[in-house]
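> Output the structure for:
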Amino acid sequence: ALGLKGPMLTLNQAGVAGEFAVARALALLRAGRASVVIACGVDELFPLLYETLVRLQVPSPRGSGPEACRPFDQRHNGPVLGEGATAVVLELPEHAQRRGAPMLAEVRSARWGGLPTRPGRFPIPCHGQHAVLDQALTEAAVCPEDVGMAYLSSCGEPQHDAIELACIADTFGPHGPLLTSVTHLTGEYGGLGTFRVAAAVVTVRQGISPTLDYL
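Numbering: from 1, shown residues only. Okay, here's the model as predicted:
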């Protein structure tokens, strides 16, 4: 439709596929394989997937209580499934300047990694295991105390939320950045990470952020 040329990749990783798309776009730019990359996060909720996840008791509500997506809330009882699509354009600064495009934000670093665990199980949060955030901040030459806000994936899954908060606490300590999420606005879907990146750009440019009012 757009007549694009060059590498075309499809990435699939539960919870962070959208962030992976942005990270891979950054890698292509840094390697000189492209001057402009469109990073998309897209997911569609179709009947077979929904029915399978319901049979596995993945979505909210689990046990008791109403269906709701409550990231980091004491009453969280699973994610609410959603769907959507977001695309962001990443390009080299000199390319943007040549075509007169406004630069809305700069991607300073992108890091990824994992915690060891058994198949089908969540990792057990342990102090000192979460080096990815530290590596990202070091590469970006940003001090933890300079970070004012963090957009987390925070899907409302109790164990997932606990691991994410443990990662934040390891890097930032008790006085970390404001934590927020877009999941309570959209539901949880695989490409949501690209929307989180776009939301962070809006916050950087305009100071607008989604707020959480949970327990």
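> switch to C-alpha atoms for all contacts and neighbour counts from now on
Fine.
> What about residue 207, how many residues nearby?
9 (other CA atoms under 10 Å).
> How about residue 34?
Neighbours of residue 34 under the rule other CA under 10 Å: 18.
> Was I right to think it contacts residue 27?
No: the pair residue 34 / residue 27 is not scored as a contact, 9.5 Å apart, by CA atoms under 8 Å.
> Report how many residues lie close to residue 13.
Neighbours of residue 13 using other CA under 10 Å come to 11.
> same question, residue 98
Per other CA under 10 Å, the neighbour tally for residue 98 reads 8.
> Tell me which residue lies nearest the centroid of the chain.
Centroid check for the chain by CA atoms, centre = their mean gives residue 193 as the closest residue, at 3.5 Å.
> what's the spacing between the residue of the chain positioned farthest from its centre and residue 92?
Distance from the centre of the chain peaks at residue 98, with 30.4 Å (CA atoms, centre = their mean). Counting by CA to CA, to the nearest Å, the gap from residue 98 to residue 92 is 10 Å.
> phi, psi of the residue nearest to residue 180 when sequence neighbours are not counted?
Counting by CA to CA, 6 or more residues apart in numbering, residue 180 lies nearest to residue 151, which is 5.2 Å off, once chain neighbours are set aside. Phi and psi for residue 151, reported as degrees, to the nearest 10, are phi -90, psi 110.
> ok, residue 151 - contacts?
Taking CA atoms under 8 Å, 6 or more residues apart in numbering as the criterion, residue 151 is in contact with 179-182, 196, 200.
> Which member of the residues you listed is positioned nearest residue 47?
Using CA to CA, residue 182 is the member of these that sits closest to residue 47, with 23.8 Å.
> does the closest one really touch residue 210, like I thought?
Yes: using CA under 8 Å, residue 182 makes contact with residue 210 at a distance of 6.5 Å.
> Please say which of these two ends up with more neighbours.
residue 182 (23 against 15).
> Tell me which residues touch that one, please.
By CA under 8 Å, 6+ apart, the residues touching residue 182 are 151, 153, 196, 210.
> Please report how far it lies from residue 175.
From residue 182 over to residue 175 the distance is 22 Å, taken as CA to CA.
> Residue 47 now?
43 Å.
> got the buried residues for the helix or strand hosting residue 138?
Per DSSP states H and E: residue 138 is located in helix 131-140. Buried residues in helix 131-140, counted by 16 or more other CA atoms under 10 Å: 131-134, 136-137.
> Between those residues, which sits nearest residue 186?
residue 133 (25.0 Å).
> any idea of the pLDDT on the closest one?
pLDDT recorded at residue 133 is 90.
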